[in-house]
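Peer 1: All I have is the shape, not the residue letters:
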């Protein structure tokens, strides 16, 4: 069962940074990650630029992607309208369509009920001409509703017409036993399971490893742990891809990633943002 | 098998901070940790003040400790001379005597060969009138020798006359399978095993949990992840006690610690140092 590491830095990472990067810089990040051997890179999202200015002009980013064997480029959408823009770029290999596990999260995040969000996901999946992932946000805890019922998440995963379901710990509250159980239950539905963890409370890496041990085939992470800008209150970055690769490779899990090349991407990003990133490995150095 | 969390912040944390705190402030830290319910607090070390100014005047710190039921106060020593000072304070419940796993580490850190360091440990253990822990530094990797042979660490643990042996990942390079194996092998010697992890490469929490799963009965950590001062190059803090407590309690492991009180200690420490600490939980907040 091969593991697919997906670097969501250009999307989830950058959208949580205070500073907005130019599309050309975002494309350069995507290309650098692909060159470091990332099996999958979430390059863009097709959302409203007035709501998420950091993700404006995804078409320009996609146009500047340098195709590379062994790297799949994905884009995130929330609804049918986003998928139309996705499809028009003709440059992406996979669509990641997302909705929240709870009613409140969908209403606050997408101004839809959960049923409406589900209908949008269905419409995207029906229209998709490329492989699709469905990501369930706040699957382990919701900022508006608190604890999330595990059975409800499984029921939602079952209703999603995607054969790959990524469970997202959006606010960084999950612990390994929870992750293990939910991954196993999603796999029990006959679907490929993935895990998307934030390191908000330092549980991101232990959760990622638990997901893998439970049979997850996709792990999301962001180069440098992007998204944890210290100037944003309660910042909440993804686990850092290079730190995760270090852990996995030392545990004998092949990732396909060139760790030194990936560390160089974080060094470059530190210069781009002019601040220290959350990732620890690029500062401490690889070992031995 | 009850778990003993040992907060080494007043010792390992503070000795790796650029700023030196007054003995009265260090004692206040010790007392605040005890008040938060920490089962064990490593309060001081008896080392040369010209070498480690952050640890100067341990006698003053010990004299200001407010005794508290349920908290054991320990002090670290490297040799017989340090133990003489330890014993003279008459205020500590446990001695932690340490040596390195490798020849080079002992020579660079204590100007002794490993055999000489072992003789010092033996002398301390023979003289000790309180319970003793022996900590093996760089048990998973050495900054001077690189990879450390697991069998050699086990052989060293066997020769140590202490019934509690803490395995320290001093430079933050261990991964869970390594930790699990070494903890199991030390337990196989009939000793209580502990783990002391640094989060230098974001493996500290996953390692601590692996140690616990393998039967470790002592876990070291530092409130706030002290010791990871961002202004020090390649800073290397311990795992943050409150982040570890969050993880453990959410996994159903009782720690005896009042998490809110512990978070308040990190809030206070942030003011003391005037900078953000490495710990994530005290910034993100407890949950739910």
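Peer 2: Now that the structure is in, tell me what you want to look at. Note that the structure is a prediction, hence the values are computed from the model and not measured. Numbers count the residues shown, from 1 in each chain, chains lettered A, B, ... in the order given.

Peer 1: Give the full set of residues in contact with the residue of chain A most remote from its centre.
Peer 2: No residue in chain A sits farther from the centre than residue A:288, which is 29.2 Å out by C-alpha atoms, centre = their mean. By C-beta atoms under 8 Å, 6 or more residues apart in numbering or on different chains, residue A:288 lies in contact with B:141, B:146-147, B:173. C-beta coordinates here come from the backbone N, C-alpha and C atoms, glycine included.

Peer 1: Checking it next. Helix, strand or coil?
Peer 2: At residue A:288 the chain is in coil, as set by DSSP: H, G, I helix; E, B strand; the rest coil.

Peer 1: picking up where we left off before, take the contacts of residue A:288 and, keeping just the buried ones, write it as a PyMOL select command.
Peer 2: Here is the PyMOL command that selects only those of those that count as buried (16 or more other C-beta atoms under 10 Å in any protein chain shown):
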select buried, chain B and resi 141+173
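
Peer 1: any chance of the contacts of residue A:288 in TSV, plus secondary structure?
Peer 2: Formatted as TSV, the contacts of residue A:288 follow (three-state DSSP):
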residue	secondary structure
B:141	coil
B:146	strand
B:147	coil
B:173	coil
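
Peer 1: measure residue A:38 to chain B for me?
Peer 2: 18 Å (C-beta to the nearest C-beta, to the nearest Å).

Peer 1: Could you count how many residues lie near that residue?
Peer 2: Using other C-beta atoms under 10 Å in any protein chain shown, residue A:38 has 32 other residues around it.

Peer 1: how about the nearest residue to it, chain neighbours excluded?
Peer 2: In space, and not counting its chain neighbours, residue A:38 is closest to residue A:7: 4.7 Å by C-beta to C-beta, 6 or more residues apart in numbering or on different chains.

Peer 1: before we move on, the earlier item: would you list the contacts of residue A:288 in JSON lines and tack on distance to residue B:113 and pLDDT?
Peer 2: As requested, those are exported to JSON lines (distance: C-beta to C-beta, whole Å; pLDDT from 0 to 100):
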{"residue": "B:141", "distance to residue B:113": "20", "pLDDT": "96"}
{"residue": "B:146", "distance to residue B:113": "19", "pLDDT": "95"}
{"residue": "B:147", "distance to residue B:113": "20", "pLDDT": "97"}
{"residue": "B:173", "distance to residue B:113": "24", "pLDDT": "96"}
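
Peer 1: From what I see, residue A:193 and residue A:212 are in contact.
Peer 2: No: Residue A:193 is not in contact with residue A:212 according to C-beta atoms under 8 Å; the separation is 10.3 Å.

Peer 1: and residue A:198, bridged to which residues?
Peer 2: The residues listed as beta-bridge partners of residue A:198 by DSSP bridges are residue A:238.

Peer 1: how many neighbours does it have?
Peer 2: For residue A:198, the neighbour count with other C-beta under 10 Å is 30.

Peer 1: How many residues are close by residue A:56?
Peer 2: Based on other C-beta under 10 Å, the number of other residues close to residue A:56 is 18.

Peer 1: ok, for the residue of the stretch 1-150 of chain A found nearest chain B, nearest residue in space, not its chain neighbours?
Peer 2: As assessed by C-beta to the nearest C-beta, chain B sits closest to residue A:146 within the stretch 1-150 of chain A, at 4.3 Å. Using C-beta to C-beta, 6+ apart and skipping residues adjacent in sequence, the residue nearest residue A:146 is residue B:288, 4.3 Å away.

Peer 1: so how far is residue B:245 from the residue of the stretch 1-150 of chain A closest to chain B?
Peer 2: 20 Å (C-beta to C-beta, to the nearest Å).

Peer 1: Would you mind listing what in the stretch 151-288 of chain A touches chain B?
Peer 2: Within the stretch 151-288 of chain A, the positions near chain B by C-beta under 8 Å from any C-beta of the partner chain are A:171-173, A:175-177, A:199-203, A:205-206, A:209, A:230, A:234-236, A:239-240, A:243-244, A:246-247, A:250-252, A:276, A:279-281, A:283-285, A:287-288.

Peer 1: which of those count as buried?
Peer 2: Counted by 16+ other C-beta under 10 Å, those give A:171-173, A:175-176, A:199-203, A:205-206, A:209, A:235-236, A:239-240, A:243-244, A:246-247, A:250-251, A:279-281, A:283-284, A:287 as buried.

Peer 1: what does the helix or strand encompassing residue A:95 rub up against?
Peer 2: Residue A:95 belongs to strand A:94-100 when elements are defined using DSSP states H and E. For strand A:94-100, contacts defined as C-beta under 8 Å, 6+ apart pick out A:40, A:42, A:72-78, A:83, A:86, A:106, A:109-110, A:114, A:117-118, A:120-121, A:124-125, A:128, A:130-138, A:142, A:156, A:162, A:166, A:168.

Peer 1: Would you show me how to pick out the buried ones of those in PyMOL?
Peer 2: Buried subset of the contacts of strand A:94-100, written as a PyMOL selection, criterion 16+ other C-beta under 10 Å:
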select buried, chain A and resi 40+42+72+73+74+75+76+77+78+83+86+106+109+110+114+117+118+120+121+124+125+128+132+133+134+135+136+137+138+142+156+162+166+168
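
Peer 1: Narrow the contacts of strand A:94-100 to those in strands?
Peer 2: A:40, A:42, A:72-77, A:132-137, A:166, A:168 (DSSP state E).

Peer 1: Residue A:165 is in contact with residue A:132, correct?
Peer 2: No: counting by C-beta under 8 Å, residue A:132 does not reach residue A:165; the two are 10.3 Å apart.

Peer 1: Quickly note the distance from residue A:196 to residue A:98.
Peer 2: Distance check for residue A:196 against residue A:98: by C-beta to C-beta, it reads 10 Å.

Peer 1: swap in residue A:72?
Peer 2: To residue A:98, residue A:72 is 17 Å away according to C-beta to C-beta.

Peer 1: And for residue A:115?
Peer 2: 16 Å.

Peer 1: more neighbours, the two?
Peer 2: Neighbours were counted for residue A:115 and for residue A:98 using other C-beta under 10 Å; residue A:98 has more, 24 against 10.

Peer 1: shaky segments in chain A?
Peer 2: By pLDDT under 70, the weakly predicted segments of chain A are A:1, A:228-235.

Peer 1: same thing but 80
Peer 2: A:1, A:228-236 (pLDDT under 80).

Peer 1: Would you map the helices across the stretch 151-288 of chain A?
Peer 2: A:176-188, A:204-213, A:241-250, A:259-273, A:281-284 (DSSP state H, counting those that start in this stretch).

Peer 1: Quick check: residue A:29 touching residue A:11?
Peer 2: No: here residue A:29 does not reach residue A:11: they are 10.2 Å apart, not a contact under C-beta under 8 Å.

Peer 1: out of the two, which sits in the more crowded spot?
Peer 2: The residue with more neighbours, out of residue A:29 and residue A:11, is residue A:11; 32 against 25, by other C-beta under 10 Å.

Peer 1: All set now, cheers.
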